[in-house]
Structure formats: C-alpha cells, structure tokens
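>>> need a structure here:
(2 chains)
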2 protein chains.
Amino acid sequence: MQKTITVLPPGTVANMVCGFDVLGFALHEPCDEIDITLIDEKRIIIQPDPVYHLPTDPEKNVAGAALLAMLDAMDEPIGFDITIRKHIKPGSGIGSSAASAAGAVVGANMLLNNRFSKEELVQFAMFGEKVASGVKHADNIAPCIYGGITLIRSIFPLDVVALPAPDLFVSIVHPQIEVRTADARAILKQTVLLKNAIKQWGNIAGLVAGILKNDHALIGRSLEDHIIEPVRSILIPGFDELKQRCMAAGALGGGISGSGPSVFMLSSTKGKAEAIATEMQSVFNRLGIDNHTYVTSINATGVTVKP
Amino acid sequence: MQKTITVLPPGTVANMVCGFDVLGFALHEPCDEIDITLIDEKRIIIQPDPVYHLPTDPEKNVAGAALLAMLDAMDEPIGFDITIRKHIKPGSGIGSSAASAAGAVVGANMLLNNRFSKEELVQFAMFGEKVASGVKHADNIAPCIYGGITLIRSIFPLDVVALPAPDLFVSIVHPQIEVRTADARAILKQTVLLKNAIKQWGNIAGLVAGILKNDHALIGRSLEDHIIEPVRSILIPGFDELKQRCMAAGALGGGISGSGPSVFMLSSTKGKAEAIATEMQSVFNRLGIDNHTYVTSINATGVTVKP
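All right, here's what the predicted structure looks like:
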C-alpha cells in the first residue's frame, strides 16, 4: 500500500449565476497542495501552516474535520498526517475551504485504495465546510471531488448530478476586499417574487441544457440572476461596470463566484478570456483595489495526484 | 401548391411538476383534427363546430386569432378556411386551446411551403392563447409545435429550447370537474420562500439533466414541486391518494397537467402506464367523478399531417 501521496485540489466556482446553492464547477487553476501520509493510529495530525496559521487542532481545521468524519466511518487503527500548502487564498470565494476538505478526503481515500464512493467523500468533506462557515454545503465540495460541473439537486438526502465540462475558458478576478460568507448570506431576502423565481428556474434549466449540449450561446443567455446578484453585488465595488466591460470584451456571461468577492466570467476562447482578465484588472486598479486574476478553464477531473 | 391539408395537433402537458410556466411536453394522444384550405382573399373563415359551438368570429376563436396574427405578417391576398374537430376537450388541462392555435398555424405554414420558422409560429399561436386565457403563454404551444419536451427559457424575448423526448410512457386522467385557469392562477401566492425556490430550481435542473441523459431514475427523483402543487392540488379531489397509488403502481412521478384538472404520471413501461391508469380510474370512480384516461407516450414530432 502506498503510504504517502500529494494531491492537488482545485479551486471551484459555486452558484454559477442562476444556480444559487445548487451548481458549481472546478477550475484548472489555482490548486492547493496536500501531502497525506497514512499512519497506524486512529488520529489526524495537521502540520503547522507557516503562511496562514490555520488551526492544527483537527476538529477546528477544515481538512481535519473532514478526515475525522472519514475515520468515524472506519474500524481500523489508521489515521493521517497531513501538510497543506494553500495557494487558494482563504476568503477569496473560489472554494478555498472546499479544496482543503475535498483534497484531504480524496487523497486519503486513494491511500485506502478508493474504499469510499465520491458521494461518501462529499459527505465527509461537508464536515469541513461546517467548520469553515457553520453550514454543511456541497456546492464547492462536489465539483472539487467530481470535476466538471455538478448539480446538488438535493442536500438532504444528498443527490449529486455530475454534468460534463463544456470547453469554456474562465477569467477570474479576486479583489483583495473582505466579504464574509455570513454577511453575504445575511443580506439575502428570505422570500422572492414568484415571477422572479420563474425566470430563475427558466434560466437554470437553460443553463443545464446548454452545458449538456455544449451550446455556448445558450449558456450565455442563461447566465442571468434576478434574485441573488442584485443584492450581493453591492458588496463588490465596481461590479456593474466590471460586468459591462467583460461582456463588451466577449464574455458569454458570469457573475459573483460563490459569495464573493471573486468574480468569474466564461468565454469561448483563450484570447477572449485574457482580454476579459485585463478588463477586470483595470477596473480594480482604477478603484485602487489590489487584485489578482486567473485565466483558466473548466477542470473535468477534480482533485489530481501531483506527478 | 397544395390547397388543402388536414393536420393532427396533439395534446400537451405544461409545467411538468417542477417546471411551472417554463416546461411542457407533447403527447401522442389525444389529437385534434384541423382541415385547412388556402383561399385567395385576406381573411380567415372558421367553419361552425357542431359539438362545442366554439366562436366562428376569427378574432374570438383561438385558431382564428393565431391565423390572423400570421396574416398580419404577410402582404399577399391569401387567407385560410378551417374546420376544427376537437378531440381534446376544452378545459381538460392538456392543451386544448394550444392544439387549436398551434395546429392551425403549423398547417397553414405547410400550405405556404414552411415560410415561417417554428419560433415565429409560436409567436403567432400565442395570440390564440391570449384569446383563450387572457395571457400570452407558450408552455403548451411550444411542445405542440416543436414536439418532445420544450423549455421556455424566456418569454420576452421568446427563447424556446427544444429538449429530446425520453422513452417514457404517460398516463393521464381527466376527471370531469371544472378548474378555471384564472382560478388556478389566482390562488397562487405571489411570493415564495427562497429555500423552497432553491429546492425547485435544483429539481428543474435535475429534470433537464435527466431528460438529456435519458436517465429515468433522475427524472423521477426530480419530479417534486414545493411551490405550486401544494396549493393547486386542493382543487383536485383525491389528489394525494391518487398520487400515492400511482407511485405504488410504478410511476416515476407526475402531477397536475397545466392548471388541471387532468393529472399525468410518467413511467418506464407500457405495462406500468396501464396499471397506473387503472389506479387513476378507480380513485375517481370511487369519488363518483366521471373520468377519462389515456395511456400514451411522449411525442417527439408535434403536429403531424393526417395520412
């Protein structure tokens, strides 16, 4: 049995504009790196993280909590010793906590010869999300584990529907401002107009059809959000101008990644994705907001083993 | 140019449980029959209907209003003389008015060598729906014209997404009670809880994925409605028992067809569809409500020419 493995869990974009709380997709970049060693006692050891000083108490660590849930499902005297090198900045809105949790359980499962199903791994990793945000949610975890685009049709009981990865490019900007997930959730209204809900489910239905048909134009037309974006976008300075300029530069559509502050845009060519990233930079530079951009594509695989 | 044609516009099921106002599918049975003759003056003639005594004034007749919209889009001195034999009972909730409107414009368009696109035909036929119910809607019109399952992603501007027809059987019961579309609409709440809207768009996303993957189990799991059915089902006596008995007889799922009173159920085999129809009959017979059942399947073609 292999005793040590290094895995690369990717960043993920949750919500995907009209798919609030149910859709998400995996990116090729950025990825965290996690070294995982199988040990012969039933415990989790988290090595100290010199950059972000994340908790080393496994119950308070996102990856640790996910692995403890996995140990709970086993009877043997085995555990894991892990070292996490974060490249996905915590609080960026592109699934940093999900990458830690999903990467840890996928890597550990590889050391166990894939004893658990992907759906079980999602269940374990959700304990990590609970540590991160207080809520068990799977819209970043599932694409990180399955790759491509995933639909969480239902969370209780868990029903993950794996969708293919259309050949789309993704531009992402992470403005260095803080948007707390709890705040982004608190400002949402708990009721919505039926007529807006109908538009939203027309759009998510169009988006899923576009994804399965690899129809870029339909995907673009469906990337409309009448419910969440009008409220949450006020937390991101320059959002409306940013979106307009990205669309003018050839974006099919896009919006807030997860609960922000990162913003993503989809496009059909790498050239457009690069032009969009340039627009993104220029908007935030002019506002005096430090920012970081990525030009990448949808990752059909999810967590991979570092060669 | 052919001068007379007889077309068979099929019944349709709108809403499809979780797809309120956006999804619909076409049936193989029942179908109306419409004879259409091209005439050389710019007018519409509606022959009297001996059974239902529908209006013969084209502006007040569903098929007439649709054809007048078509004539408005042309410059020549041509018109149509039509005879409608209704087999889809008005008020049944399986797209009776849509069949008249869609059948008329599809047949007329055939006599014009398919001058208009399907999307234009939907636009014309919606004028018929406006006569029938006061509202321009396309969730029965579109599947009648396109066949299969259709998604109305947006109505202004019109965006029809054609989805394939999974190999499913359909059981339908039409209990002979009156549910006025206006009443069925009036009892709906104009706001919904965000948490229920999220469940609904998770389900419609799952349903569309199931349709495109021809995944019967996923289609079944997705046929849940947390918003419309709990309100509207009170208009249909015995609805809850009916649904339970159909599920026990092997239905994948189902619900109210359009705004009712018909109820439809999907299943994977003809044998199950027949057993379900028997349950349907027995529930309404016991309640002393006259009823009529159909066992049919999803019609991938839409309006056809009578051989």
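>>> okay, CA-based contacts and neighbour counts for the rest of this
Fine.
>>> Could you pick out the longest strand of chain A?
strand A:23-31 (DSSP state E).
>>> Can I get it as CSV, trimmed to CA atoms?
Taking C-alpha atoms only, strand A:23-31 is exported to CSV below (Å, rounded to 0.1, in the frame of the first residue of the first chain):
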residue,chain,number,x,y,z
LEU,A,23,-24.4,24.5,-9.1
GLY,A,24,-20.6,24.6,-9.1
PHE,A,25,-17.7,23.9,-11.3
ALA,A,26,-14.0,23.1,-10.9
LEU,A,27,-11.1,25.2,-12.2
HIS,A,28,-7.7,24.1,-13.5
GLU,A,29,-6.0,26.8,-11.5
PRO,A,30,-5.4,27.7,-8.7
CYS,A,31,-4.9,24.4,-6.8
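>>> secondary structure element for the closest residue to A:D35 other than its chain neighbours?
Nearest residue to A:D35, sequence neighbours excluded (C-alpha to C-alpha, 6 or more residues apart in numbering or on different chains): A:T6, at 4.3 Å. Using DSSP states H and E, A:T6 falls within strand A:4-8.
>>> Quickly run through the sheet partners of that strand, with directions.
strand A:33-39 (antiparallel), strand A:304-305 (antiparallel) (DSSP bridges).
>>> related to what we said a few turns ago, can you give the contact residues for the longest strand of chain A?
Strand A:23-31 has contacts (C-alpha atoms under 8 Å, 6 or more residues apart in numbering or on different chains) with A:8-16, A:87-88, A:99, A:139-140, A:142-144, A:147-152, A:170, A:294, A:296-300, A:302.
>>> Type out the PyMOL command that picks the buried ones from these.
Of the contacts of strand A:23-31, the buried ones go into a single PyMOL selection, burial set by 16 or more other C-alpha atoms under 10 Å in any protein chain shown:
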select buried, chain A and resi 8+9+10+11+12+13+14+15+16+87+88+99+139+140+142+143+144+147+148+149+150+151+152+170+294+296+297+298+299+300+302
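>>> Give me the subset of the contacts of strand A:23-31 that lies in helices.
Judged by DSSP state H, the contacts of strand A:23-31 include A:A99, A:A142, A:P143, A:C144 as members of helices.
>>> Tabulate the residues you listed (a markdown table), appending distance to B:D240 and pLDDT.
Listed next are the ones in helices among the contacts of strand A:23-31 as a markdown table, based on distance: C-alpha to C-alpha, whole Å; pLDDT from 0 to 100:
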| residue | distance to B:D240 | pLDDT |
| --- | --- | --- |
| A:A99 | 44 | 98 |
| A:A142 | 35 | 98 |
| A:P143 | 37 | 98 |
| A:C144 | 40 | 98 |
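>>> Contacting chain B as well, which ones from those residues?
Among these, proximity to chain B is found for none (C-alpha under 8 Å from any C-alpha of the partner chain).
>>> residue ranges for the helices of the stretch 201-307 of chain A, please.
Along the stretch 201-307 of chain A, counting by DSSP state H, counting those that start in this stretch, helices occupy A:216-222, A:229-232, A:239-248, A:270-286.
>>> quick revisit: okay, the strand holding A:T6 in PDB with CA atoms only?
Output in PDB follows, covering the C-alpha atoms of strand A:4-8 (Å, rounded to 0.1, in the frame of the first residue of the first chain):
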ATOM      1  CA  THR A   4       2.300   9.000   1.100                       C
ATOM      2  CA  ILE A   5       0.600  10.900  -1.700                       C
ATOM      3  CA  THR A   6       0.500  14.600  -2.700                       C
ATOM      4  CA  VAL A   7      -2.800  15.800  -4.200                       C
ATOM      5  CA  LEU A   8      -3.800  19.000  -6.000                       C
END
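>>> and it, how far from the chain's centre?
Strand A:4-8 has its C-alpha centroid displaced from the chain centroid by 19 Å (C-alpha atoms, centre = their mean, to the nearest Å).
>>> Is chain B within reach of stretch A:127-141?
No: using C-alpha under 8 Å from any C-alpha, we find that stretch A:127-141 stays clear of chain B, coming within 11.6 Å at best.
>>> Now that stretch: buried residues?
In terms of neighbour count (16+ other C-alpha under 10 Å), stretch A:127-141 has its buried residues at A:F127, A:G128, A:E129, A:K130, A:V131, A:A132, A:K136, A:H137, A:A138, A:D139, A:N140, A:I141.
>>> roughly how far out does that stretch sit from the chain middle?
Mean-position distance between stretch A:127-141 and its chain equals 11 Å (C-alpha atoms, centre = their mean).
>>> From the buried residues of stretch A:127-141, pick the one nearest chain B.
A:D139 (11.6 Å; C-alpha to the nearest C-alpha).
>>> Give me the distance between stretch A:110-126 and the centre of its chain.
Remark: stretch A:110-126 is offset 18 Å from the chain centroid, using C-alpha atoms, centre = their mean.
>>> So which bits of that stretch are buried?
Using 16+ other C-alpha under 10 Å as the test for burial, stretch A:110-126 gives A:M110, A:L111, A:F116, A:K118, A:L121, A:V122, A:Q123, A:F124, A:A125, A:M126.
>>> distance between the ends of it?
18 Å (C-alpha to C-alpha, to the nearest Å).
>>> Am I right that A:H137 is in contact with A:M126?
Yes: A:H137 is within contact range of A:M126, at 6.1 Å (criterion: C-alpha atoms under 8 Å).
>>> Could you dump the strands paired with strand A:4-8 into TSV with distance to B:S233 added?
Compiled in TSV, these are given as follows (distance: least, C-alpha to C-alpha, whole Å):
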stretch	distance to B:S233
strand A:33-39	52
strand A:304-305	49
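>>> Check those for me and report the most buried one.
Among the strands paired with strand A:4-8, ranked by average contacts under mean count of other C-alpha atoms under 10 Å in any protein chain shown, first place goes to strand A:33-39 (a mean of 21).
>>> what's next to that one, contact-wise?
Residues outside strand A:33-39 that contact it (C-alpha under 8 Å, 6+ apart): A:3-9, A:78-87, A:100, A:103-104, A:107-108, A:111.
>>> and it, C-alpha only, in CSV?
C-alpha atoms of strand A:33-39 as CSV (Å, rounded to 0.1, in the frame of the first residue of the first chain):
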residue,chain,number,x,y,z
GLU,A,33,-1.2,21.0,-2.5
ILE,A,34,-1.8,18.5,0.3
ASP,A,35,0.8,15.8,1.4
ILE,A,36,-1.0,12.9,3.1
THR,A,37,0.7,10.1,4.9
LEU,A,38,-1.1,7.0,6.2
ILE,A,39,-0.3,6.4,9.9
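>>> what's the average pLDDT for it?
Here strand A:33-39 scores 97 as its mean pLDDT.
>>> Could you identify the helix or strand that succeeds it?
The helix or strand immediately downstream of strand A:33-39 is strand A:44-46, counting by DSSP H and E.
>>> partners of that following strand in the sheet?
strand A:79-85 (parallel).
>>> ok, and what's touching the strand it pairs with?
Residues from elsewhere that reach strand A:79-85 (C-alpha under 8 Å, 6+ apart): A:32-49, A:67, A:71, A:100, A:104, A:108.
>>> and the angle for it with strand A:23-31?
Orientation check (axes from the mean of the first three to the mean of the last three C-alpha atoms, to 10 degrees): strand A:79-85 against strand A:23-31 gives 70 degrees.
>>> Tell me which two of the buried residues of stretch A:127-141 sit farthest apart.
Spatially, the most separated pair among the buried residues of stretch A:127-141 is A:V131 and A:D139, at 15.4 Å (C-alpha to C-alpha).
>>> Not counting its neighbours along the chain, what's nearest the closest residue to chain B within the stretch 201-307 of chain A?
At 4.5 Å from chain B, A:G202 is the closest residue in the stretch 201-307 of chain A, using C-alpha to the nearest C-alpha. Of all residues not flanking A:G202 in the chain, B:R153 sits nearest, at 4.5 Å (C-alpha to C-alpha, 6+ apart).
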